[in-house]
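Novice: coords below, sequence missing:
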């Protein structure tokens with residue numbers, strides 16, 4: 001009984017049909033059933049890679065208008081780890097050495113293809129091992145992030161509960177004041193009010209002033225909670241892991257410090273020294289993970305109980321064409337014999353149960369992946385200093401990058417708006433926020449809203465993303481199928497795209513998005529962009 005044949009998807013960069021047949025003959029003789037595509041240009045190579053996947057790339061070295069190094073560059077530009085082997089009749093020793101320096105995996109001569117099948121099998125095994133290592137590294141990254149968030153959980157709860165307690169208490173006071181005013185108006189005879197209108201006007205103004213103060217304080221408390229939740233979402237974000245954009249390191253550090261504040265303030269004074277620096281090209285979530293690990297490492301190097309006598313110093317500066325971020329502490333310091341090991345996996349000087357031994361290792365890996373470097377200086381009894389150098393982004397931050405308080409747009413055309421959210425309190429508050437300028441109809445079910453929306457007449461449709469049974473994604477799909485003309489009017493509201501399906505949805509759609517919690521100015525700006533052609 002003959003052994004089962006193995007399948008192989010081959011992308012062949014080759015201009016000769018005869019040499020194509022030569023390679024296929026060798027592979028079939030080696031027990032492979034080959035599905036292949038032959039390409040002769042960079043454009044065709046790119047299109048084929050995009051249509052993949054491929055198990056192996058085999059390329060001639062010299063072709064009219066194309067070459068193996070160019071083919072390898074097209075592969076690398078797409079971030080693909082597909083084994084790449086040169087099979088050529090013109091590869092000399094010097095050319096082969098240059099090819100290997102570029103990172104190409106192997107080369108063979110067309111006149112001797114006995115090594116082709118063993119070379120392919122070796123390279124495919126190594127590619128599988130690299131994929132396993134990458135998967136393991138990703139799992140370690142997630143474990144480290146979850147560990148950091150776990151350590152911070154109690155502190156984050158404290159930071160949320162303080163402003164939440166203030167907001168809750170002030171709202172109770174406001175409700176009591178409104179009740180007292182209502183009782184006073186109800187129990188006072190109209191004749192008494194008419195007899196002293198100036199006195200009643202003054203009394204009413206005084207009561208309203210009393211009411212305004214706790215409401216403003218409650219709003220401030222709610223804003224503090226919103227900032228903390230935004231920071232937490234930024235650090236825990238699983239989507240766009242590899243997407244890089246210009247990031248303001250000072251803003252990112254401030255988010256980090258808010259996250260770690262409860263740990264810091266029990267141990268040391270916080271000193272900031274932010275120099276003017278350009279943005280860096282990075283992924284916000286992973287840059288935040290670097291900063292959080294460094295700040296938490298500094299805090300945990302200092303025992304509690306003497307916060308005024310210790311210091312955590314955070315600074316940004318320019319170092320040539322690079323951005324320098326430094327986190328310095330006055331903790332116990334690191335012994336010289338230990339210092340070379342601090343970036344090793346699972347090495348830690350902390351007590352059992354404090355840290356995983358992964359934080360600095362992951363910092364080193366993430367910084368290196370961004371094209372930067374990380375170094376440490378330390379003296380026992382004096383503290384440690386970690387310095388990160390990152391290349392500056394070539395492009396500036398987009399105009400208006402970073403959180404800012406939106407300005408309410410001027411009143412425009414009165415519009416008819418549908419609000420779809422299974423949470424009645426959200427649907428009602430959106431209707432209240434928009435009701436002075438627009439006609440708003442709330443719905444608690446996306447399925448029930450479909451018939452009304454299809455009936456026409458709505459200028460804007462605000463729909464929550466995550467709902468039971470029939471959610472915002474289902475609603476979008478149904479409109480796309482039967483009423484695509486309504487899609488440009490649809491705005492998705494979300495408290496977080498926390499499922500793979502939701503993240504994939506946002507990656508594939510261009511509809512405007514409203515991140516909860518939003519304020520009146522942001523809500524009005526998004527509506528105005530659709531109704532009056534403004535910008536949002």
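Specialist: That came in fine, so what should we check first? Fair warning: this is a prediction, and the values are worked out from it, not measured in the lab. Numbers count the residues shown, from 1 in each chain.
Novice: residue 133 belongs to a helix?
Specialist: Yes: in this structure, residue 133 lies within a helix as judged by DSSP: H, G, I helix; E, B strand; the rest coil.
Novice: and the pLDDT for it?
Specialist: Listed pLDDT for residue 133 reads 75.
Novice: what about it, neighbour count?
Specialist: 10 (other CB atoms under 10 Å). Every residue, glycine included, has its C-beta placed from N, CA and C.
Novice: now do the strands in the stretch 201-350 of the chain.
Specialist: 245-247, 269-274, 280-282, 311-319, 322-329 (DSSP state E, counting those that start in this stretch).
Novice: to residue 431, which of the ones you listed lies closest?
Specialist: Smallest distance to residue 431 across the strands of the stretch 201-350 of the chain (CB to CB): 35.0 Å, for strand 245-247.
Novice: domains for this protein, by residue range?
Specialist: Following automatic domain parsing, one finds the domains of the chain at 6-114, 138-236, 265-284+295-391, 416-531.
Novice: what about the shortest one, distance to the chain center?
Specialist: Meaning domain 138-236. For domain 138-236, the separation from the chain centroid amounts to 30 Å (computed by CA atoms, centre = their mean, to the nearest Å).
Novice: avg pLDDT for that domain?
Specialist: Here the average pLDDT along domain 138-236 is 75.
Novice: I'd say residue 298 and residue 385 touch.
Specialist: No: applying CB atoms under 8 Å as the test, residue 298 and residue 385 come out as separate, 9.1 Å apart.
Novice: overlap in contacts of the two?
Specialist: With contacts taken as CB atoms under 8 Å, 6 or more residues apart in numbering, residue 298 and residue 385 have 327-329 as neighbours in common.
Novice: out of these, who's the most crowded?
Specialist: residue 329 (28 neighbours).
Novice: can you get me a residue count around residue 48?
Specialist: Residue 48 has 18 neighbours, counted by other CB under 10 Å.
Novice: repeat that for residue 456.
Specialist: 10.
Novice: same thing with residue 440?
Specialist: Neighbour tally, residue 440, other CB under 10 Å: 21.
Novice: quick check: closest non-adjacent residue to it.
Specialist: What sits nearest to residue 440 in space, not counting adjacent residues and going by CB to CB, 6 or more residues apart in numbering, is residue 431, at 4.3 Å.
Novice: and that neighbour, what's its pLDDT?
Specialist: Listed pLDDT for residue 431 reads 90.
Novice: that one: which element?
Specialist: According to DSSP states H and E, residue 431 maps onto helix 424-435.
Novice: run through the stretch 1-150 of the chain and note the low-pLDDT ranges.
Specialist: 1-4, 90-109, 111, 137-150 (pLDDT under 70).
Novice: one step back: TSV for the strands of the stretch 201-350 of the chain, including distance to residue 53?
Specialist: Compiled in TSV, the strands of the stretch 201-350 of the chain are given as follows (distance: least, CB to CB, whole Å):
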stretch	distance to residue 53
strand 245-247	27
strand 269-274	45
strand 280-282	28
strand 311-319	41
strand 322-329	37
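Novice: coming back round to it: can I get the domains of the chain in a markdown table with distance to residue 250?
Specialist: Output for the domains of the chain, formatted as a markdown table (distance: least, CB to CB, whole Å):
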| stretch | distance to residue 250 |
| --- | --- |
| domain 6-114 | 29 |
| domain 138-236 | 14 |
| domain 265-284+295-391 | 5 |
| domain 416-531 | 22 |
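Novice: relative to residue 130, which of the ones you listed is closest?
Specialist: Smallest distance to residue 130 across the domains of the chain (CB to CB): 5.9 Å, for domain 6-114.
Novice: quick one on the thing from earlier: nearest to residue 246, of the domains of the chain?
Specialist: Across the domains of the chain, closest to residue 246 is domain 265-284+295-391 (CB to CB), at 3.8 Å.
Novice: rounded mean pLDDT for the closest one, please.
Specialist: 86.
Novice: mind listing the helices for the stretch 401-536 of the chain?
Specialist: Per DSSP state H, counting those that start in this stretch, the stretch 401-536 of the chain carries helices over the ranges 424-435, 446-454, 472-482, 500-508, 520-531.
Novice: pick the most buried one from those helices.
Specialist: helix 520-531 (a mean of 20; mean count of other CB atoms under 10 Å).
Novice: which helices and strands does that helix pack with?
Specialist: In terms of contacts (3 or more CB pairs under 8 Å, 6 or more residues apart in numbering; DSSP states H and E), helix 520-531 is packed against helix 424-435, strand 460-464, strand 490-494, strand 513-515.
Novice: direction included, what does the third one pair against?
Specialist: Pointing back at strand 490-494 there. strand 460-464 (parallel), strand 513-515 (parallel) (DSSP bridges).
Novice: what's residue 342 sitting at in phi/psi?
Specialist: According to degrees, to the nearest 10, the main-chain angles of residue 342 amount to phi -60, psi -20.
Novice: cool, residue 175 as well?
Specialist: Reported as degrees, to the nearest 10, the phi and psi values for residue 175 are phi -60, psi -40.
Novice: do residue 302 as well
Specialist: For residue 302, the backbone dihedrals are phi -120, psi 130 (criterion: degrees, to the nearest 10).
Novice: residues near it, how many?
Specialist: When counting by other CB under 10 Å, one arrives at 23 neighbours for residue 302.
Novice: ditto for the one 4 residues further on
Specialist: Neighbour count for residue 306, taken as other CB under 10 Å: 12.
Novice: who's in contact with it?
Specialist: With CB under 8 Å, 6+ apart, residue 306 has these contacts: residue 267.
Novice: measure it to residue 378 for me?
Specialist: Using CB to CB, to the nearest Å, we find residue 306 at a distance of 19 Å from residue 378.
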